[in-house]
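Student: The sequence and its predicted three-dimensional model are supplied below.
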Amino acid sequence: MADDDDAAEPEIEQQESDEAGPSRGRSPIRSALGVGLATLVALTGLAGWTGYRVYDEHRNEQRHEAFLEVARQGAVNLTTIDYRKVDEDVARILDSASGTFHDDFQNRAKPFVDVVKQARSTSEGTVIDAGMESETADSAQVLVAVKVKSTVADGTPAEPRSWRMRVAVQKTGADEYKVSNVTFVP
């Protein structure tokens with residue numbers, strides 16, 4: 001019987017060895033899956049972050065261009081006045097204005113219209129250049145250089161003048177920007 005016990009023992013050891021083998025270490029497939037999953041998660045995070053940065057940069061560029069465009073148009077509106085349609089010109093200026101600038105211009109609009117009609121003057125402003133002086137998420141200061149050609153009642157053209165303006169632009173809505181102040185720069 002001792003011989004039977006000796007023969008049975010190796011089988012038991014072999015079974016214990018087979019059962020303990022796989023639990024002692026990871027299989028190469030499981031390791032590869034773990035590394036692959038970790039890499040996928042890292043790449044997805046990197047792609048998301050990069051995508052957000054591109055979107056944010058695009059949004060900032062659009063806002064920057066909107067501030068510049070509103071400042072340019074505001075300068076043209078203020079320097080392009082025709083006595084034959086001065087009421088429309090004033091309405092255009094007021095439509096593109098906000099805050100105290102809007103209120104001040106509205107209060108001075110009647111005397112301004114009267115002077116322009118009496119002088120029978122016309123002026124046409126052309127933006128020469130514009131550049132951002134400062135910018136935040138909701139406002140900007142833009143320097144605008146304008147050349148203005150004018151004529152008076154008898155049609156005689158005046159010497160063209162160059163003006164520099166500091167135009168404050170305020171974001172007033174989701175995609176709406178308006179002129180909130182204008183100062184002339186010597």
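Tutor: Thanks, I have it. Residues are numbered from 1 along each chain as shown.

Student: on contacts alone, who are the packing partners of the host helix or strand of residue 54?
Tutor: Using DSSP states H and E, the element containing residue 54 is helix 28-79. Using 3 or more CB pairs under 8 Å, 6 or more residues apart in numbering; DSSP states H and E, the elements in contact with helix 28-79 are helix 86-95, strand 122-135, strand 139-151, strand 161-171, strand 177-184. Quick note: C-beta positions are derived from backbone N, CA and C, even for glycine.

Student: Taking strand 122-135 as reference, get the angle to that helix.
Tutor: 150 degrees (axes from the mean of the first three to the mean of the last three CA atoms, to 10 degrees).

Student: any idea how far whatever helix or strand comes next after helix 28-79 is from the chain center?
Tutor: Following helix 28-79 in sequence order, the next helix or strand is strand 81-82 (DSSP H and E). Its chain's C-alpha centre and that of strand 81-82 lie 32 Å apart, by CA atoms, centre = their mean, to the nearest Å.

Student: which secondary structure elements does strand 81-82 contact?
Tutor: strand 122-135.

Student: related to what we said a few turns ago, out of the helices and strands packed on helix 28-79, flag the one nearest residue 112.
Tutor: Residue 112 lies closest to helix 86-95 among these, at 6.9 Å (CB to CB).

Student: Show me what counts as buried in the closest one.
Tutor: By neighbour count with 16 or more other CB atoms under 10 Å, helix 86-95 contains the buried residues 86, 89, 90, 92, 93, 94.

Student: got the angle between the following helix or strand past that helix and strand 177-184?
Tutor: Where DSSP H and E defines the elements, the next helix or strand beyond helix 86-95 is helix 99-119. Taking the same axes, to 10 degrees, one finds helix 99-119 and strand 177-184 inclined to each other by 60 degrees.

Student: Thanks again, I'm all set now.
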